[in-house]
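Colleague: Output the structure for:
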Amino acid sequence: MIRLLFTSWYTGLGGGETDLLTLAGALDHSRYEPHLLAPAEGPLPDRWRKAGWPVHVLPYRGASTWFIPAIWARFPVVERMTDMLRRQKIDLVQSDYHTLPLIARAARSVGIPATWTVWGWWFKPKPWQRAFFRRFPQAAARSRAIRAGFLGEPPFMPVERMPVVYAGVDSARFRPGLDGAALRRQIGIAKDALVVAMVARFQRVKGHHAFQAMARRILEELPETHFIVAGDDVFGVAADERYRDEILTHARESADLRGRLHYLGFRGDVETVYAAADVFVCPSEFESYGVANLEAMSCALPVVSTRRGGPSETIMEGVTGFLIDPGDADALAERVLRLLRDETLRQSLGAAGREHVKRGFSVEAEAAAHSAIFESLLSLS
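Modeller: The predicted model follows:
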């Protein structure tokens with residue numbers, strides 16, 4: 001049995017953390033025992049334990065994009081991580097970016113391989129960090145857009161050492177035919193009303209303000225439409241809290257949105273949000289990947305998304321949904337209105353989206369790709 005340690009500095013349940021849980025669950029548990037290292041308790045460690053897997057809480061500060069590898073390798077917490085690896089007899093480490101400068105040094109100290117996955121489009125290595133990243137024989141990127149942003153032009157290391165491994169979607173959990181009626185009743189939405197959904201944490205780049213602007217334009221033409229938004233300030237960042245308060249206050253004070261725009265907060269049962277909707281929208285200024293788009297398509301919802309970043313790789317224009325430029329609320333409203341007025345088109349794009357996800361973005365494919373990386377590293381150790 002290979003004891004595989006995943007690390008996550010984030011303890012909430014955003015897209016990356018949900019993907020971590022999904023990947024751990026999809027691995028061959030006769031081969032791998034998934035462990036989790038986190039700096040504190042939270043929803044992610046709670047869910048990990050509920051799955052029956054070991055959790056190790058060790059307080060530490062996550063690295064920023066300006067970290068200096070040689071300095072971080074000497075932090076006292078590295079010794080505590082090293083001791084934990086020895087005590088737990090960990091065989092392999094799969095790290096997140098923010099823990100990597102610490103756990104990589106600990107892993108080298110005990111002679112075990114380490115790899116990592118780059119999730120963020122903003123992780124662009126500084127010149128003094130490049131030698132550090134070149135030390136990893138294999139890593140993974142969640143999209144081509146992420147990899148291109150990380151490696152730069154020209155790439156500072158061979159692209160084949162960072163294959164793109166798309167986050168997979170559990171098509172059994174996210175499927176058409178789920179009951180969204182209870183959520184509609186809870187909110188006070190009629191069963192025959194048209195509903196547009198968004199799922200995202202509160203962060204300016206996610207485009208909640210663009211969603212509100214789109215909603216106003218749609219309500220001018222289809223005034224009985226409802227809009228539901230799931231998500232919260234997952235990570236407790238002050239700027240995100242201010243943005244959330246700004247968005248919620250604006251919605252409460254806008255007479256044209258009141259009673260039509262519903263903020264649900266964090267939903268552990270996000271699949272019911274998709275089930276209650278007719279169209280899904282992702283208005284982000286940039287998405288490194290955009291897992292919510294894939295979850296919605298897996299539920300046979302047509303998707304309208306901005307194209308910058310990952311969505312241009314996952315959404316088939318005119319086949320599974322529509323892509324528009326970031327910040328263009330008029331184009332966003334126009335595409336959504338087209339779908340709201342054409343049930344046949346919604347069904348056609350939704351069905352194509354479901355097949356697209358099952359064919360190209362399955363959790364089984366993600367698990368197989370990561371397992372290949374793990375086995376390759378184990379064979380070198």
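
Colleague: Tell me what residue 95 is bridged to.
Modeller: On the basis of DSSP bridges, residue 95 is bridged to residue 116.

Colleague: give me the number of residues near it?
Modeller: Using other CB atoms under 10 Å, residue 95 has 24 neighbouring residues. For every residue, glycine as well, the C-beta is placed using N, CA and C.

Colleague: again, but for residue 209
Modeller: 17.

Colleague: for the stretch 51-200 of the chain, what spans make up the helices?
Modeller: Counting by DSSP state H, counting those that start in this stretch, the stretch 51-200 of the chain has helices at residues 69-72, 76-87, 100-110, 130-134, 144-151, 181-187.

Colleague: quick one: the strands in this structure?
Modeller: For the chain, applying DSSP state E gives strands covering 2-7, 32-38, 55-57, 92-95, 114-118, 140-141, 195-199, 226-230, 261-265, 279-282, 303-306, 321-324.

Colleague: Out of those strands, which gets nearest to residue 212?
Modeller: Nearest to residue 212, of all the strands of the chain, is strand 261-265, at 6.9 Å by CB to CB.

Colleague: so of the helices of the stretch 51-200 of the chain, which one's packed in deepest?
Modeller: Compared across the helices of the stretch 51-200 of the chain, helix 100-110 shows the largest average neighbour count, a mean of 22 (mean count of other CB atoms under 10 Å).

Colleague: tell me which strands and helices that helix is in contact with?
Modeller: Contacts defined by 3 or more CB pairs under 8 Å, 6 or more residues apart in numbering; DSSP states H and E place helix 100-110 against strand 2-7, helix 69-72, helix 76-87, strand 92-95, strand 114-118.

Colleague: mind putting those in CSV, mean pLDDT and distance to residue 323 included?
Modeller: Shown next, in CSV, are these (pLDDT from 0 to 100; distance: least, CB to CB, whole Å):
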stretch, mean pLDDT, distance to residue 323
strand 2-7, 98, 32
helix 69-72, 97, 38
helix 76-87, 98, 42
strand 92-95, 98, 32
strand 114-118, 96, 23
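
Colleague: Can you list the buried residues in stretch 45-58?
Modeller: Under the neighbour-count criterion of 16 or more other CB atoms under 10 Å, stretch 45-58 has 45, 47, 48, 53, 55, 56, 58 buried.

Colleague: hang on, I meant stretch 366-381
Modeller: Buried residues in stretch 366-381 (16+ other CB under 10 Å): 366, 367, 369, 370, 371, 373, 374, 377.

Colleague: how far does that stretch sit from the chain's center?
Modeller: Distance of stretch 366-381 from its chain centroid, counting by CA atoms, centre = their mean, to the nearest Å, is 22 Å.

Colleague: Touching that stretch from outside, list them.
Modeller: Under the criterion CB atoms under 8 Å, 6 or more residues apart in numbering, residues 2, 4, 22-23, 26-28, 31-32, 91-92, 94, 111-115, 137-138, 140, 163, 165-168 lie in contact with stretch 366-381.

Colleague: Next: stretch 31-51.
Modeller: Counting by CB under 8 Å, 6+ apart, 1-13, 17, 20-21, 24-25, 27, 53-62, 81, 84, 88, 90, 99, 103, 371, 374 sit against stretch 31-51.

Colleague: Low-confidence bits of the stretch 151-300 of the chain, can you list those?
Modeller: The model of the stretch 151-300 of the chain has pLDDT under 70 over residues 234-236.

Colleague: Quick check: the residue nearest to residue 1 when sequence neighbours are not counted vs residue 18, distance?
Modeller: Nearest residue to residue 1 in three dimensions, chain neighbours excluded: residue 33, at 5.4 Å (CB to CB, 6 or more residues apart in numbering). Computed as CB to CB, to the nearest Å, the residue 33 to residue 18 distance reads 21 Å.

Colleague: Also residue 303?
Modeller: Relative to residue 18, and taking CB to CB, residue 303 is found at 18 Å.

Colleague: Mind checking which of those two has more residues around it?
Modeller: residue 303 (28 against 21).
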